[in-house]
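J.: everything below, folded, please.
(chains A and B)
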Amino acid sequence: MPKVTYVHPDGARDVLDVPVGTSVMRAAIMNGIDGIVAECGGEMMCATCHVYVEPDQLGRTPPQSDDEKAMLEFTASERKANSRLSCQLVATDEFEGLVVYLPETQV
Amino acid sequence: MPPPVVAIVGAGQAGFQVAASLHQEGFAGRVVLIGDEPALPYQRPPLSKSYLAGQSGLDELWLRPAEFYPKQQIDLVCGDAAAAIDREKRLLRLASGREIAWDHLVLATGARNRMLAVPGAELDGVLALRTLAETDILRRRLEEVRDVIVVGAGFIGLEFASVAIERDANVHIIEITHHPMGRVVSAQTSEFFTKAHLGWGTEVLLGTGVRRIVGADGRVTGVETTEGRQLPADLVLICIGVIPNAELAHDAGLSIDNGVVVDEYLVTADPAIFAIGDCANFPTPFADGRVRLESVQNAVDQGRCVAAHIAGKREPFRKVPWFWTDQGDLKLQIAGITASHDRAVTRGDPAGGQFSVFCFRGERLIGVESVNRPADHVTARRLLAGDPGLSPDQAADQSYDLRAHARRVASSPGA
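T.: Predicted coordinates for the structure are as follows:
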């Protein structure tokens, strides 16, 4: 099972086993990681599961849909080139060792 | 003095949000969250979408895992209903007989489905879609149905119809008005979706009601319409809207008018009692007067507003409303409340299935309905948060840069 590291703004790290087919958002919610809100439940209607993907690992993540690109304009923290909605980061074997950084705020 | 207690009646999206936000807001007292369903608090939108279609499972429905509640010091009571409020003693009595003393009471009691008052409505196979338990029945029945009749062409009915038709069932939608989703969308958007469902092979009967539901051996076999048509059915879904659960508030002497009446702070006539989510009737700058909204956004934002209030940050509720529905390959996103518009301008390509309807009242933009145009939706939410300053001509002009307009509005003084 791919291991994904969530880095909190204060530098603290949580490492989760994320089953293939489960999103980085859902794994965080079900394991009580603060810093992912996910108010729409993964429908790309909010931007409260925003994460920054370790830049040199972006190539391992799926491409962005138009819905995701649009909704990333609504992040509460600054949108950067490595910004993603974690509900769209559905784990594959490629995710082993993936590192995502949680933003200062989601709302 | 003992720490203050917040009792929250209703463990849906709104009630859950109050509980989750209270501690984030620094509230140091006790939180009791009471739900009448046996399950952990869950999300409802997927029930008529991905969960119904079998594309997502139970694990994806829970708002938080079971461990979350004790960890956040939320006393979660499942499967017990609130029976009465004693405002003088500040007590809440539950159906089980348990009594909870509170300092702040939040009514997040939601709504229940309206029943269809026709003969045969009690037959096996006449179903509803609101709770997880109801959806689990529908999910099983969908495996074997041939003839499905959906009564009521609102969001839920149309979402269900789009899932059922993909199962190769014969699907009829019966709608009493001439406009599916007509309570919440423009005539243009309504018509577009009617055509889409027809294109998927669904029969849509508009301006038609149900005279009676017929059955054999206690099981539904068909529906007779008000025009006398006999339609076969082995599943009839009744989705003709909801009734807010306001009895508890009414019995406690609080004001009721299409829901529990609250002020702009979501406070009832009793300053210690709030009402939020589907059950609350509140004043909003986004509509003409008062509204009662049934949406995730409304539940979540109102939950946050009340949690902040209880924690000492009192502010009026003024969030831009937004909604969405998924039907087949179409995603409809709505920003604002378009019901009172007197002018609608289409932008984009309706024939190609990607467009937005910009709804104006006079010269003011009041809402935007976007079909597979997420960028328009996001821009609309930004515009409506301030003074949109967008004219109908600008909205209609494809070459006019909406995003640049939204940025100018956001950075202008007073926005």
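
J.: alpha carbons only for contacts and neighbour counts from here, please
T.: Will do.

J.: and A:Gly21, helix, strand or coil?
T.: The three-state label given to A:Gly21 by DSSP: H, G, I helix; E, B strand; the rest coil is coil.

J.: and for B:Ala14?
T.: Taking three-state DSSP as the rule, one finds B:Ala14 in the helix state.

J.: not counting sequence-adjacent ones, nearest residue to it?
T.: If you skip the residues right next to it in sequence, B:Ala14 has B:Ala299 as its closest partner in space, 4.2 Å away by C-alpha to C-alpha, 6 or more residues apart in numbering or on different chains.

J.: before we move on, what about B:Arg381?
T.: Spatial nearest neighbour of B:Arg381, chain neighbours left out: B:Ala335 (5.7 Å); criterion: C-alpha to C-alpha, 6+ apart.

J.: backbone dihedrals for the residue in chain A positioned nearest to chain B, both of them.
T.: Chain A approaches chain B most closely through A:Ala70 (4.9 Å), counting by C-alpha to the nearest C-alpha. Taking degrees, to the nearest 10, you get phi -60, psi -50 for the backbone angles of A:Ala70.

J.: quick one: contacts for the residue lying closest to it once chain neighbours are set aside?
T.: Counting by C-alpha to C-alpha, 6+ apart, the nearest residue to A:Ala70 once its immediate chain neighbours are dropped is B:Ala375, at 4.9 Å. Each residue near B:Ala375 by C-alpha atoms under 8 Å, 6 or more residues apart in numbering or on different chains is listed here: A:Asp66, A:Asp67, A:Ala70, A:Met71.

J.: now whatever helix or strand B:Ala375 lives in - C-alpha only, CSV.
T.: Assigned by DSSP states H and E, B:Ala375 belongs to helix B:374-384. Coordinates of the C-alpha atoms in helix B:374-384 are reproduced here as CSV (Å, rounded to 0.1, in the frame of the first residue of the first chain):
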residue,chain,number,x,y,z
PRO,B,374,-16.7,25.3,-14.0
ALA,B,375,-14.7,28.4,-14.6
ASP,B,376,-17.9,30.5,-15.0
HIS,B,377,-19.2,29.1,-11.8
VAL,B,378,-16.1,30.0,-9.9
THR,B,379,-16.1,33.5,-11.3
ALA,B,380,-19.8,33.9,-10.5
ARG,B,381,-19.2,33.0,-6.8
ARG,B,382,-16.5,35.7,-6.7
LEU,B,383,-18.8,38.3,-8.4
LEU,B,384,-21.7,37.6,-6.1
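
J.: what's the following helix or strand after it?
T.: Once the chain leaves helix B:374-384, the next helix or strand it forms, by DSSP H and E, is helix B:392-396.

J.: need the pLDDT of the closest residue to B:Thr346 other than its chain neighbours.
T.: Leaving aside its chain neighbours, B:Thr346 sits nearest to B:Val357 (4.5 Å; criterion: C-alpha to C-alpha, 6+ apart). B:Val357 is assigned a predicted lDDT (pLDDT) of 98.

J.: the one 5 residues further on now?
T.: Each residue has a pLDDT score; the one for B:Gly362 is 94.

J.: secondary structure class for the residue in the stretch 51-200 of chain B that chain A sits nearest to?
T.: When C-alpha to the nearest C-alpha is the measure, the stretch 51-200 of chain B has its nearest residue to chain A at B:Pro65, with 5.4 Å between them. Judged by three-state DSSP, the three-state class of B:Pro65 is coil.

J.: pretty sure A:Lys3 sits against A:Val20.
T.: No - under the criterion of C-alpha atoms under 8 Å, A:Lys3 makes no contact with A:Val20, lying 10.3 Å away.

J.: more crowded one of these two?
T.: Set side by side, A:Lys3 and A:Val20 show unequal neighbour counts under other C-alpha atoms under 10 Å in any protein chain shown, the larger going to A:Lys3 at 17 against 14.

J.: tell me how many other residues crowd the closest residue to the more buried one other than its chain neighbours.
T.: Distances taken as C-alpha to C-alpha, 6+ apart put A:Asp17 closest to A:Lys3, at 4.6 Å, once the chain neighbours are dropped. Neighbours of A:Asp17 under the rule other C-alpha under 10 Å: 15.

J.: quick one: contacts for A:Asp17?
T.: Neighbour list for A:Asp17: A:Met1, A:Pro2, A:Lys3, A:Val4 [criterion: C-alpha under 8 Å, 6+ apart].

J.: hmm, which of those are the buried ones?
T.: A:Pro2, A:Lys3, A:Val4 (16 or more other C-alpha atoms under 10 Å in any protein chain shown).

J.: quick one: low-confidence ranges for chain B?
T.: B:412-415 (pLDDT under 70).

J.: show me what from chain A comes close to chain B.
T.: Contact residues of chain A with respect to chain B, defined by C-alpha under 8 Å from any C-alpha of the partner chain, are listed as A:26, A:29-32, A:39-41, A:45, A:66-67, A:70-71, A:73-74.

J.: if we use 6 Å, what do you get?
T.: For chain A, the contact set with chain B under C-alpha under 6 Å from any C-alpha of the partner chain comprises A:Met30, A:Asp67, A:Ala70.

J.: which residue comes closest to B:Arg219 once chain neighbours are left out?
T.: Once its chain neighbours are removed from consideration, B:Arg219 has its nearest residue in B:Asp124; the separation is 4.6 Å (C-alpha to C-alpha, 6+ apart).

J.: give me phi/psi at that neighbour?
T.: Here the main-chain torsion angles of B:Asp124 (degrees, to the nearest 10) amount to phi -60, psi 130.

J.: these two touch, right, it and B:Gly222?
T.: No - the pair B:Asp124 and B:Gly222 does not pass the contact test of C-alpha atoms under 6 Å, sitting 11.6 Å apart.
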